[in-house]
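1. model the following, please.
(2 chains)
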Amino acid sequence: MNNASLLPIMALLPFLGALVPGLMIRAGRTACATFTAVPTILALVMLGLCAPDVFRGEVLQIEFEWLPALGLSVSFFLDGLGLLFAGMILFVGLLITLYARFYLSGDDPAGQFFTYLLLFQGAMLGIVLSNNILLLLIFWELTSLSSFLLIGYWTHLPEGRQGARMALTVTGMGGLSMIAGMLILGNIAGSYELTDILAAGDAIKSSDYYLPALLLILGGAFTKSAQFPFHFWLPHAMAAPTPVSAYLHSATMVKAGVFLMARMWPALAGTDAWFYAVGTVGLITMVLGALIALFKDDLKALLAFSTVSHLGLLTMMLGFGTEAAAIGAVFHIINHLTFKAALFMTAGIVDHEAHTRDIKRLGGLRHLMPITFVIAVIAGLSMAGIPLFNGFLSKELMLEEAAHTDWRGSHYAVPILATLGALLSVAYSFRFISHTFFGPVRDDYPAKPHDPNFGMWAAPGLLVVLVLLIGIFPQATVGPLVELAATAVVGHELHHWHDLKIWHGVTPALIMSAIAVLGGLILLALHRPLERLWNAVPRPEAKVIFDHVVGWAVAGSDWIAHKTHNGAISRYLAIFVVSTLALGAIAASGGGLAPATRALLPVPPLAWIGFLLLVVAAIAVVLLHRERFLSLILISIVGLGVSGGFVYLSAPDLALTQISVETVTIMLMLLALHFLPKSTPAESGIFRRVRDGAIALGVGGAVASLTFAFLLRDFSSISEFHLTQSKVGGGGTNVVNVILVDFRGYDTFGEIIVLGIAGLIIYALMHALLDGPAARRLRNWEFTQERSRDRHPMLMVIATRVMLPMTAMVGVYIFLRGHNEPGGGFVAGLIIAIALLMQYMASGFGWAQERQRIEYHAMIGWGVAIAGLTGTAAWLFGKPFLTSSFGYFHIPPIEEFELATAMAFDLGVFLTVLGAVMLMLYSLSRIARYAGETVNTAAMDYDPSQGIRETTEEER
Amino acid sequence: MELIVAATVGVLTSAGIYLILRLRTFPVILGMAMLSYAVNVFLFSTGRLATGMPPVLDHHAKHVDPSLYTDPLPQALVLTAIVISFGMTAVLVLISLGAFLEAKHDKIDISDEEADA
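-> Residues are numbered from 1 along each chain as shown, chains lettered A, B, ... in the order given. Here you go, the predicted model:
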């Protein structure tokens, strides 16, 4: 098997795995964490299997078509950069799973947490493995959504909810901008396949649309990677549980933007626009983030701004656009991951054990938490960029590049600012270590701090071991990986690769480093007065600005919504109808009309009578619609007229269906009218009535002329196929039924599902009503209607009971003949429903319900299931879904008959229709019963078999 | 015949439109039912009119002559449309009933007080 086929499985695994912890939410943290680790480990193993190929220089690729017309395919590829990121995502994901197992308390819903975590991991993995930029965008949006769930995981914390919303708004908007940019890019390159785009770099850079595409894509990358001025969401996302922060802000979410810039490097980098946009933003972010970090008291906020600063560093390096900068960026991605994840976990441990992460309330923890102290010191020194720790090496590469970079002709701007960034970085790193762990032991910690158990410090411990190993043996540990990934970033063989080493001699970078360390220490010593100064200087608060902007947007949307949707539904309808009419008029005025090709059919007197009846009834409904009972009777005449028309115009199936539906509809409306006002008050004035009348006549006239126009013209139809194939292909002579159950069975399948859903909606609505305030009204219902004394007359009871088997027989007959003669599942279902309804009406609800053995919901379910199973049965014979087959059988003494699988499908239709109709009417009568309608348990008010009882003395 | 079918569609549509522009739920439901008739007849008539030619094949004929039968396809579409419009009417009826019971009136338009609440 080719290793490339592992890629889609790898991308899919976390999503599949995400189902498990969510389902076993009660199984506890250990079980959930274990089942989260399984897909991660499996994916890591697969990645390991692919790694040798990638190191040999191969690019693994696999592609499946999805929507080829849109250029969207499910295609994955794995090269050095993908390997690096996929490895980081999975490896850190595993560590986070372990850490979260011990970090979360027993009260937190661990199943949810791990499900979100795996969703997020899957989305990230999708981004780094996608070879189609449209697919990449889908995963990109998925990371925004799943990180929203993770950040807002503690739903009871308002900061968590606000932070999650802010993150979603900012990264979501960036995502939109990136979609636009990617579409432009795809258009320039003529393909949405990433490998094609990367190969078309020169064409892209010389295109007129290069700049808009670049800026839009950077909009996505900058928001995701929290670059200035979008950096503000990241610190607010710190309200998330610490494992989330550690994962999102070290290895994944915020690195997605950096990944994207690295990925697009061959296609977009190397121009002035790229250098000034990316390089400058990165430089500003680096310095600004580090400056703010120095004055944050919350450990996690400090680390968050430090992350912002380091992301700025990475962005700046990518912005430089040189090969050496790309190598440095890749190296720093690895180093930042190791020390930052460890630091976040350390901050989480301190928070967990000391119950505060406020740096002002901490200090002196080195004696109380020695293990945590050691971890924090190693990771912190690496963040500061002290030699022998890995952060030093990549920072040197950065300073070295910065020293050679001109910005608008100035030789000093970049080096000085870069040194300043490094200096501030040293200051806040040492502050993190010294103000938390050094100083005297205090006696006012909110809790008694002590080292956590092994499970919690194992993950950060492992990470700091890596920090040291990479710091001392860089080439032996990660050298080949950095070389591989950097090759993938620049898109060609590296021309200036030097093995990574600790000592480069006395270079400008080393001098800048030394200045940074010394300056940083001085800054730390002056921290107290500087902090007073910092607090005294006014500065814009990003969250306030953000809240204002959101507030304006909400007010604007509110205004538009209220202006257009003022609640007058009749007005919307009028506007809608009139605009449709106007559009139709415009369309009709455009083209001419071909001459009529069909002659008029003659109209026999009977048709005239039917037509007049129908028109008179329709007009009467309009005129008398205030009298509701009367208008119901009148509208049923219209329905009858329509079915009569169907009979005359060669549509027996339609006539049968229409007439049975008509019956059921009228019954339903009668039942509902029981609780509705019996008449409609006259509310609209004469102007309104004339207006509505004019609209109605206009539309009616238009529709009538349209109908008349096409009735007189011939057309080409595909029906010839249906007619000729009905018998030979579908085995039935009733073409309409064969179309329903065979040719267009898929439609019918959908339709019965819709009908079943309609039934269930009504059932659910009934339940909602009986639980809400309506229930009180129903309980105190006053029936004003005069009522019959004999509600279940004997004559009707007897008659309907005699009729039941006969009607049932008719139903079965209509069903069985449906394939060859007018009839079928739809009509049969309605007929049986009417037969049952008659029992309810004649003998009463209670009596009938007692004898009802099958639940109507179950009937709907069975119906859909039977229809679906019949369809899938075709698969067993290697045919597509819903392929039918038929045969002729002869069982004496019955004459030869035919059985088609379509019949089983029709049975499903029958059951669904029956179940849905009955469920609807049953729900309405439940409401009636709730309103205090008396329920008889005997079939009749008098039971004649008992004889007439003598009235006793007491009763008299 | 074509003329009266077209007129029927027109009358049913007009009646339906007028009724759905009323201010109470019940006339609107009647209007929707009326519009369903109109749409069904309209769809049906796209197969053109024919009398005495139902699309039920002759059992004994060896070959099918399509010119002897009316167009079955619109009929199949309308058949399901009739059943679906019943489902829709039923849902509508129950929603309007629920609205009446909860809001104590059966007006279609939302008043300003209700909109604010």
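
2. got the end-to-end distance for stretch A:233-243?
-> 18 Å (CA to CA, to the nearest Å).

3. report the buried residues of it.
-> Going by neighbour count (16 or more other CB atoms under 10 Å in any protein chain shown), the buried part of stretch A:233-243 is A:233-243. Bear in mind the C-beta positions are built from the backbone N, C-alpha and C, glycine included.

4. so what's residue 7 up against?
-> I went with chain A, as the question did not name one. Residue A:7 sits next to A:50, A:60, A:62, A:76-78, A:129 when contact means CB atoms under 8 Å, 6 or more residues apart in numbering or on different chains.

5. chain B was what I was after
-> A:611, A:615, A:704.

6. and residue 19, how many neighbours?
-> No chain was given, so I picked chain A. Residue A:19 sits with 13 neighbouring residues when counted by other CB atoms under 10 Å in any protein chain shown.

7. wait, chain B was what I had in mind.
-> Neighbours of residue B:19 (other CB under 10 Å): 26.

8. chain B contacts on the stretch 801-950 of chain A?
-> The stretch 801-950 of chain A has residues A:820-822, A:826, A:830, A:913, A:916-917, A:920, A:923-924, A:927 near chain B, with proximity defined as CB under 8 Å from any CB of the partner chain.

9. could you pick out the longest helix of chain B?
-> For chain B, the helix with the greatest residue count under DSSP state H is helix B:72-103.

10. quick one: that one to chain centroid distance?
-> Chain-centre distance of helix B:72-103: 9 Å, with CA atoms, centre = their mean, to the nearest Å.

11. buried residues in that helix, which are they?
-> For helix B:72-103, by 16+ other CB under 10 Å, it's B:72-94, B:96-101.

12. what's the mean pLDDT across that helix?
-> Per-region confidence: helix B:72-103 scores 89 on mean pLDDT.

13. which parts of the helix or strand encompassing residue A:337 are buried?
-> Element membership of residue A:337 [criterion: DSSP states H and E] is helix A:323-354. Residues of helix A:323-354 classed as buried by neighbour count (16+ other CB under 10 Å): A:323-354.

14. just the residues you listed that are near chain B?
-> Near chain B, by the rule CB under 8 Å from any CB, you find none of the buried residues of helix A:323-354.

15. related to what we said a few turns ago, restricted to helices, list the contacts of residue A:7.
-> Among the contacts of residue A:7, the residues falling in helices (DSSP H) are A:50, A:129.

16. among the contacts of residue A:7, which are in strands?
-> A:60, A:62, A:76-78 (DSSP state E).

17. and the two most separated of those?
-> The most widely separated members of the ones in strands among the contacts of residue A:7, counting by CB to CB, are A:62 and A:78 (9.3 Å).

18. list the residues that contact both of those two?
-> Contacts common to residue A:62 and residue A:78, judged by CB under 8 Å, 6+ apart, are A:4, A:7.

19. between those two, which has more neighbouring residues?
-> residue A:78 (27 against 18).

20. who's in contact with the more buried one?
-> A:4, A:7, A:50, A:54, A:59-61, A:86, A:129.

21. hmm, who's touching stretch A:132-145?
-> Contacts for stretch A:132-145 (CB under 8 Å, 6+ apart): A:66, A:70-75, A:119-120, A:122-124, A:126-127, A:130, A:167-168, A:171-172, A:175, A:178-179, A:182, A:185-186, A:192-194, A:197, A:220, A:224, A:252-253, A:256.

22. I'd like the average pLDDT over it.
-> The model assigns stretch A:132-145 a mean pLDDT of 92.

23. what do you get for stretch A:362-373?
-> Rounded mean pLDDT across stretch A:362-373 is 87.

24. so how far is that stretch off the chain centroid?
-> That offset, for stretch A:362-373, works out to 45 Å (CA atoms, centre = their mean).

25. again, but for stretch A:178-186
-> 22 Å.

26. cool, stretch A:174-189 as well?
-> The answer for stretch A:174-189 is 21 Å, by CA atoms, centre = their mean.

27. can you pull out the strands in chain A?
-> Here chain A has its strands, by DSSP E, at A:60-67, A:72-78, A:886-889, A:897-900.

28. quick one: the second one to strand A:60-67, angle?
-> The directions of strand A:72-78 and strand A:60-67 differ by 170 degrees, with axes from the mean of the first three to the mean of the last three CA atoms, to 10 degrees as the criterion.

29. any idea what sits nearest residue A:445, other than its immediate chain neighbours?
-> For residue A:445, ignoring the flanking residues on the chain, the nearest one in space by CB to CB, 6 or more residues apart in numbering or on different chains is residue A:354 at 5.0 Å.

30. coming back round to it: columns pLDDT and distance to residue B:39 on top of the contacts of residue A:7, output as TSV?
-> Shown next, in TSV, are the contacts of residue A:7 (pLDDT from 0 to 100; distance: CB to CB, whole Å):
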residue	pLDDT	distance to residue B:39
A:50	90	57
A:60	88	55
A:62	89	48
A:76	92	47
A:77	90	51
A:78	91	54
A:129	92	49
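
31. may I see the contacts of residue A:7 organised as JSON lines, with distance to residue A:571 added?
-> Below are the contacts of residue A:7 laid out as JSON lines (distance: CB to CB, whole Å):
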{"residue": "A:50", "distance to residue A:571": "62"}
{"residue": "A:60", "distance to residue A:571": "60"}
{"residue": "A:62", "distance to residue A:571": "55"}
{"residue": "A:76", "distance to residue A:571": "52"}
{"residue": "A:77", "distance to residue A:571": "55"}
{"residue": "A:78", "distance to residue A:571": "58"}
{"residue": "A:129", "distance to residue A:571": "52"}
